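Q: kindly return the folded structure for what I paste below:
(chains A and B)
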Amino acid sequence: MGIGRDDTPGLSGRMVYFQTQTVPIAESQERMDPPYEKSRLYALRHSAAHLMAQSVLQLFPDAKLTIGPPIDNGFYYDIDFGDETFGDSELERVEEKMRENASRDLPVAREELTRNEAKERILTLRQDPYKLELLDDIPSEDEITFYTQGDFTDLCRGPHVDSTGEIQHFKLLSVAGAYWRGDEKNKMLTRLYGTAFETAEELEQHLINLKEAKKRDHRVLGRQLGLFTFSKSVGPGLPLWLPKGTIIRDVLCGFLKEEQVKRGYQPVVTPHIGKKELWEKSGHIETFKEGMFPFMERDESETFVLKPMNCPFHIEIYKSEMRSYRDLPIRYAEFGTVYRYEQSGELAGMLRVRGFTQDDAHLFVTPEQLPQEFKGVVELTVFVLEKLGLKDYWMRVGTRDAEADKFIGSDEVWRVAEEAIVKACDEMKLDYRVDVGHAAFYGPKLDLMIRDAIGRVWQMGTIQVDYNLPERFDMEYTGEDGKPHRPILIHRAPFGSLERMIALLTEQYAGAFPFWLAPVQVVILPIADRHVEYAQSVRCGLLEADQKLRIEIDDARDTLGKKIRKNEMQKIPYMLIVGDKDVANQTVSVRDRDDGDLGPKPLDEFVALIS
RNA sequence: GCCGGCGUAGCUCAGUGGUCAGAGCGGCUGUUUUGUAAACAGCGGGUCGCGGGUUCGAAUCCUGCCGCCGGCUCCA
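A: Numbers count the residues shown, from 1 in each chain, chains lettered A, B, ... in the order given. Here you go, the predicted structure:
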């Protein structure tokens, strides 16, 4: 069962942000009609990329240009600076030079050339090897165009704005490394990111939004709210869950467990390590070794492996007995903690860690049961996301790239599995996008994708159809005909992982978790010491109404204002303020996290409010 | 892993070659007993990420490592 991250082609732009808690990113206005790719803003950003390239060449004449497209919220240009280091200070110099070139208001001219002319042009210009390679890739039926502004000419499809003077409201944002053609075997280029807008106000707003997004970053909130921490001594990517974060985990697990019991899942528990031979048999060592922690070797005869997935263990449970078609479907569920040696540069707070807990389950089904069971899992996954209040997700069908060697099993088996997923999705009228090459190594999958606060795309839940592992493990059940048959395996995790899910929930809610998830649901604030006793009786009264309520009493010797501020920043759904008046009238003064002071109420009225 | 940036008190940050390294918040102690987003005073708290180097002198400059951040690549 895998979780992963994906930068979806065409949406790979950085700097997307939540405008408000509820407005979906995809509807940020620049993406509305006309389509972004045809909009003037798109051309403006494309031209901004050219302006940047022009300015770079004026400052670094030996730089070699590669590609520089507009992206969701801006643009970039990948440039080969040779041995020269290009950092933030260089970026500032380039931005200054851009303003200079913009103010010169250079007209932008388009011209169309033949292939030979184009080649000659590139050679006479700067002998950019990358541009020659790009030229070779232009299909013969496409026209070849160059755009020129002042001393700068670039091979480019366009379109562009008419003059550099139109590019007024821009800012360069960051420097990053990027491999030529996205292949790590190729040379690493320097990618310059920037953004541009039609108006100063839009640019300003964008920059403000970027700052705002940081405030809802789960790493910031995770610290402020006491959800989790990392320790250098423990190791990178190995999270430590604090008491409040653990409550959220437990609540989520409890919720899902209950739903799974209703749907016929059986909980199982398996160890964290297993013998190397098991992982050889499963194909993990063949296809997934890079993602695994170093093996534990006691001596030549015995090597153990820290599990990167739970599936082989669940398969062994299946195999512990003879199975009949009457037993199927069998659904084994486990909150299984797995370990993956992610590359150091890939770790990202709780969104990508090296040890994480999957809400994993494996369903063993007959071919006849596959469609229904697959749909049942999709239904559960959608149900779970609705309950969590996540709405801005989309679905991706990950299929095999037949060229790649990282997949196990025959073409036929893959064809069947991929067809099964696509057919089920179509029948359920799901809106999905197919992504070739994003399958699990053992089978195709349906993934639920979502963005984080700063616009990065992550995979949450996943449902995977697998004909390969049953074969590798020689799994069987006895059919109605008395003969052995092979079950099909569905791997699935509606959350994906608790770590990533809680990180995303934290960002979606900006830390203000809904009542049922909030680590502390109610905090009682006695105004003075003499009210503490009453506060305790209020807590008892609440617990009588609901034993599971998570209640704290803030009896610190602070002023009321201080206590309110402190607990407000902890985003606790309700504060119950109790002072002399409340003791006299047997009330609690309710303060709602969103609506503020609701005034004094008898306790049972408050209980009714939260029930 | 690769490119770039960053690393000063528990947290947020100031200090960029020259007195014993600073602030706010948090913590502790005392005073205050408080009615809807920060009471007042005092006190603690730092091998300036770690190691090596340059220098009369390094938090500050150079270098190796570790960690974090933004990308890229990989990824079930």
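
Q: so how many other residues sit close to A:Arg326?
A: Other residues lying near A:Arg326 total 9 when counted by other Cβ atoms under 10 Å. Quick note: C-beta positions are derived from backbone N, CA and C, even for glycine.

Q: just confirm it is within a strand.
A: No - counting by DSSP: H, G, I helix; E, B strand; the rest coil, A:Arg326 is not part of a strand but coil.

Q: look up how far A:Leu390 lies from the residue nearest the centre of chain A.
A: By Cα atoms, centre = their mean, the mean C-alpha position of chain A lies nearest to A:Trp458, the distance being 1.9 Å. Distance, A:Trp458 to A:Leu390, by Cβ to Cβ, to the nearest Å: 12 Å.

Q: common neighbours of those two, please.
A: Shared contacts of A:Trp458 and A:Leu390, defined by Cβ atoms under 8 Å, 6 or more residues apart in numbering, comprise A:450, A:504.

Q: surely the residue nearest to the centre of chain A touches A:Met449?
A: Yes - at 7.0 Å, A:Trp458 and A:Met449 qualify as touching, with contact defined as Cβ atoms under 8 Å.

Q: residue ranges in chain A under the pLDDT threshold?
A: Flagging of chain A using pLDDT under 70 yields the residue ranges A:1-33.

Q: can you say which helix or strand has A:Glu133 in it?
A: Remark: A:Glu133 resides in helix A:129-137, with elements defined by DSSP states H and E.

Q: need the contact partners of stretch A:338-349.
A: For stretch A:338-349, using Cβ under 8 Å, 6+ apart, the contacting residues are A:5, A:217-219, A:222, A:236-237, A:272, A:290-294, A:306-310, A:352-358, A:456, A:503.

Q: distance of A:Cys253 from A:Lys281?
A: In this view, A:Cys253 and A:Lys281 are 30 Å apart by Cβ to Cβ.

Q: same question, A:Tyr76
A: Distance, A:Tyr76 to A:Lys281, by Cβ to Cβ: 44 Å.

Q: those two: which has the busier surroundings?
A: Neighbour tally, A:Tyr76 and A:Lys281, criterion other Cβ under 10 Å: the higher count belongs to A:Tyr76, 26 against 17.

Q: residues contacting A:Val353?
A: A:237-239, A:342, A:347, A:499.

Q: can you tell me how far the residue lying closest to it once chain neighbours are set aside is from A:Arg340?
A: Counting by Cβ to Cβ, 6 or more residues apart in numbering, A:Gly237 is the residue found nearest to A:Val353 once chain neighbours are left out, at 4.5 Å. The gap separating A:Gly237 from A:Arg340 is 9 Å, by Cβ to Cβ.

Q: which residues do those two both contact?
A: Here A:Gly237 and A:Arg340 share the contacting residues A:Arg354, scored by Cβ under 8 Å, 6+ apart.

Q: bridged to the residue of the stretch 401-550 of chain A at minimum distance from RNA strand B, which residues?
A: Distance from RNA strand B to each residue of the stretch 401-550 of chain A (Cβ to the nearest atom of the strand) is smallest for A:Ala440, at 1.9 Å. Beta bridges link A:Ala440 to A:Gly443 when assigned by DSSP bridges.

Q: what about it, neighbour count?
A: Other residues near A:Ala440 come to 26 when the count uses other Cβ under 10 Å.

Q: distance check, it against A:Leu240.
A: In terms of Cβ to Cβ, A:Ala440 sits 29 Å off from A:Leu240.

Q: repeat for A:Thr85
A: A:Thr85 sits 37 Å away from A:Leu240, taking Cβ to Cβ as the criterion.

Q: also A:Ala53?
A: Taken as Cβ to Cβ, the span from A:Ala53 to A:Leu240 is 46 Å.

Q: can you give me the strands for the stretch 51-200 of chain A?
A: Assigned strands in the stretch 51-200 of chain A, in chain order: A:64-65, A:70-71, A:74-80, A:108-113, A:144-149, A:152-155, A:169-179, A:188-197 (criterion: DSSP state E, counting those that start in this stretch).

Q: run the chain-centre distance for the first one.
A: In this case it means strand A:64-65. In terms of Cα atoms, centre = their mean, to the nearest Å, the centre of strand A:64-65 is found 32 Å from the chain centre.

Q: got a list of contacts for it?
A: Contacts to strand A:64-65, defined as Cβ under 8 Å, 6+ apart, come from residues A:53, A:56-57, A:77, A:79-80, A:82, A:126, A:128-131, A:154.

Q: may I have the beta-bridge partners of A:Val588?
A: Per DSSP bridges, residues listed as beta-bridge partners of A:Val588: A:Lys601.

Q: neighbours around it, how many?
A: Neighbours of A:Val588 under the rule other Cβ under 10 Å: 27.

Q: ok, A:Ala510 next?
A: Neighbour tally, A:Ala510, other Cβ under 10 Å: 18.

Q: once you drop chain neighbours, what's closest to it?
A: Per Cβ to Cβ, 6+ apart, closest to A:Ala510 is A:Arg216, 4.3 Å.

Q: distance of that neighbour from RNA strand B?
A: Taking Cβ to the nearest atom of the strand, to the nearest Å as the measure, A:Arg216 falls 12 Å from RNA strand B.

Q: circling back: got a quick ChimeraX command for the buried subset of the contacts of stretch A:338-349?
A: Buried residues within the contacts of stretch A:338-349, by 16 or more other Cβ atoms under 10 Å, are selected in ChimeraX with:
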select /A:5,217,218,219,222,237,291,292,306,307,308,309,310,352,353,354,355,356,357,358,456,503
